[in-house]
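Student: Fold the following and give me the result.
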Amino acid sequence: MPEKIDLLGLLPEQIAEHMKEMGAPAFRAKQIFRWIHVRRVFDFAEMTDISKQFQSELNQRFYINLPKIEQTLASCVDDTVKYLCRLSDGSAVETVRMVYHHGNTACISTQVGCKMGCKFCASAPLGFIRNLTPGEMLGQIYAADSQFPEDDRISGIVLMGIGEPLDNYDNVMQLLRLLSHKDGRGMSLRHAALSTCGLVPQIRRLAEEKFPLTLSVSLHAADDKKRSELMPVNRRYPLDELLLACGDYFRQTGRRVTFEYAVIAGENDTKKAARQLGKRLRLVFPGQRPHVNLIPVNPVDGTGFTAGSAQAFQRLLEAEGINATVRRTLGEDIKAACGQLRRDTIEKKRAVNGIESISGQ
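Tutor: Have a look, this model is predicted:
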């Protein structure tokens, strides 16, 4: 028998193709899509306007694959909740639910692990395992939603969890189409943000998609030498090339690009760094006030990095004519920054089992 297909990651027109193969009427596709994405019903037996016979046929061909929440950490300081989500192959990813005055936002993972190797990242030492499917990304949101009343659902997403979203380009684009589909969740992609370390060809592809999302680019350094030390991706796409693509993205889409900058003591927090960053951004965005989001670097065991003063660096950037804000820290008491819960869980498992391998995590 052919392998079952996960319906959670399919658009109505894709479901319709399967309905056609089954000899079912076309309206079934929209019907099933709405059961899943509007009513949040993930069991065919609970789709009450579908016959028992057809429910059985659906069960034979399809499944709806939600991740299992294995661990939950709730902040005592704010309403942030962090989840360790276990996938069907045993891999684990992290999802964070954050509460803002404008609604609830989920920070979701797009890969199991990451290839990019950023030196300050908790995920980098664990390596890359695989891409997440559209259903596995969407499933993180639905799993987090299941812990709260229907009127307290997630209304925005940030693709800033484990993984590099643009390295999983096609699946992430499918996720965005699923989230914004008029017959489903209908989320405005103005409430979506995608964070990238700077994959230039994919940034240019994303501009062509015309999604009204916010592009957030991780810079973390103002010169190529330092950025290449911190972020190996810079050796392939240096700052001039990356910032040119960002400028073109803004001009093509009309959507502001924000820049993330993790402030690391003694590494990238000097007056010289602020001067270099200001000069680069003014060249790319003449007449604009580019926005830089400053984040005190998260302490991660083994990196040796400590947080510099984001407020002091903010003042230096503002003197250069750059709009800089210090990002509000949420869930600090539960280490809500991406990668740390998964890393701690894997290292505990290694200690118990006395193994070095991280496969099958």
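
Student: can you pull the pLDDT of residue 120?
Tutor: Here, the pLDDT recorded for residue 120 equals 89.

Student: give me every residue that touches it.
Tutor: 220, 230, 262, 264, 297, 298, 300, 303, 305 (C-beta atoms under 8 Å, 6 or more residues apart in numbering). C-betas here are computed from N, CA, C, even on glycine.

Student: now stretch 56-73, how far from the chain's geometric center?
Tutor: Relative to its chain's centre, stretch 56-73 lies at 21 Å (C-alpha atoms, centre = their mean, to the nearest Å).

Student: Alpha carbons of that stretch, as CSV, please.
Tutor: Extracted C-alpha coordinates of stretch 56-73, given in CSV (Å, rounded to 0.1, in the frame of the first residue of the first chain):
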residue,chain,number,x,y,z
SER,A,56,-12.7,5.0,6.4
GLU,A,57,-11.4,5.6,2.9
LEU,A,58,-9.7,8.8,4.1
ASN,A,59,-8.1,6.9,6.9
GLN,A,60,-6.6,4.4,4.5
ARG,A,61,-4.9,7.1,2.4
PHE,A,62,-4.2,10.1,4.7
TYR,A,63,-3.3,11.1,8.2
ILE,A,64,-3.1,14.4,10.0
ASN,A,65,0.3,14.6,11.7
LEU,A,66,0.4,16.9,14.8
PRO,A,67,3.6,17.0,16.9
LYS,A,68,3.4,15.9,20.5
ILE,A,69,4.2,18.4,23.2
GLU,A,70,6.7,16.6,25.3
GLN,A,71,7.8,19.4,27.6
THR,A,72,6.3,22.7,28.6
LEU,A,73,8.0,25.6,30.3
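
Student: pLDDT on it, on average?
Tutor: Mean predicted confidence for stretch 56-73 is 96.

Student: For it, buried residues please.
Tutor: 57, 58, 62, 63, 64, 65, 66, 67, 69, 73 (16 or more other C-beta atoms under 10 Å).

Student: With respect to residue 30, which of the residues you listed is nearest?
Tutor: The closest of these to residue 30 turns out to be residue 58 (C-beta to C-beta; 14.6 Å).

Student: Confirm that the closest one sits in a helix.
Tutor: Yes: Residue 58 sits within a helix when classified using DSSP: H, G, I helix; E, B strand; the rest coil.

Student: any idea where the helices of the chain begin and end?
Tutor: 12-22, 27-37, 52-61, 134-145, 169-180, 200-209, 224-230, 239-253, 271-284, 310-319, 340-353 (DSSP state H).

Student: if we can go back for a sec, same list, the buried residues of stretch 56-73, but as CSV with distance to residue 182 please.
Tutor: Putting these into CSV (distance: C-beta to C-beta, whole Å) gives the following:
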residue, distance to residue 182
57, 27
58, 23
62, 23
63, 25
64, 21
65, 24
66, 23
67, 26
69, 29
73, 35
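
Student: Inside strands: which ones of the residues you listed?
Tutor: 62, 63, 69, 73 (DSSP state E).

Student: Phi and psi next, for residue 3.
Tutor: When read as degrees, to the nearest 10, the backbone of residue 3 gives phi -60, psi 140.

Student: can you start the count at 862 instead of 1 from here on
Tutor: From this message on, residue numbering opens at 862, which makes the last subject residue 864.

Student: mind checking how far the closest residue to residue 928 other than its chain neighbours is from residue 1076?
Tutor: Nearest residue to residue 928, sequence neighbours excluded (C-beta to C-beta, 6 or more residues apart in numbering): residue 946, at 3.9 Å. Using C-beta to C-beta, to the nearest Å, residue 946 is found at 25 Å from residue 1076.

Student: center of this structure, which residue is that?
Tutor: Centroid check for the chain by C-alpha atoms, centre = their mean gives residue 1020 as the closest residue, at 1.9 Å.

Student: which residues pair with that one across the strands?
Tutor: Under DSSP bridges, the beta-bridge partners of residue 1020 are residue 1055.

Student: who touches stretch 897-916?
Tutor: Stretch 897-916 is contacted from outside by 868-869, 885, 889, 892-893, 896, 919-920, 923, 925, 927, 1003, 1006-1007, 1039, 1042, 1044-1046, using C-beta under 8 Å, 6+ apart.

Student: one more time with 6 Å, if that's ok
Tutor: Contact with stretch 897-916 is made by 896, 919, 920, 925, 927, 1045, 1046, as judged by C-beta atoms under 6 Å, 6 or more residues apart in numbering.

Student: so the fifth one makes contact with residue 1000?
Tutor: Meaning residue 927. Yes: taking contacts as C-beta atoms under 6 Å, residue 927 lies within contact range of residue 1000: 4.7 Å.

Student: Tell me the confidence at residue 1204?
Tutor: pLDDT, residue 1204: 56.

Student: ah, wrong one, I meant residue 1002
Tutor: Reported pLDDT for residue 1002: 97.

Student: about what we covered before: including pLDDT and neighbour count, could the contacts of residue 981 go into CSV?
Tutor: Shown next, in CSV, are those (pLDDT from 0 to 100; neighbours: other C-beta atoms under 10 Å):
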residue, pLDDT, neighbour count
1081, 97, 25
1091, 96, 23
1123, 95, 27
1125, 95, 22
1158, 90, 24
1159, 82, 20
1161, 73, 20
1164, 77, 17
1166, 90, 18
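
Student: Make JSON lines out of those and add distance to residue 1132.
Tutor: Shown next, in JSON lines, are the contacts of residue 981 (distance: C-beta to C-beta, whole Å):
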{"residue": "1081", "distance to residue 1132": "17"}
{"residue": "1091", "distance to residue 1132": "19"}
{"residue": "1123", "distance to residue 1132": "18"}
{"residue": "1125", "distance to residue 1132": "15"}
{"residue": "1158", "distance to residue 1132": "19"}
{"residue": "1159", "distance to residue 1132": "24"}
{"residue": "1161", "distance to residue 1132": "26"}
{"residue": "1164", "distance to residue 1132": "24"}
{"residue": "1166", "distance to residue 1132": "20"}
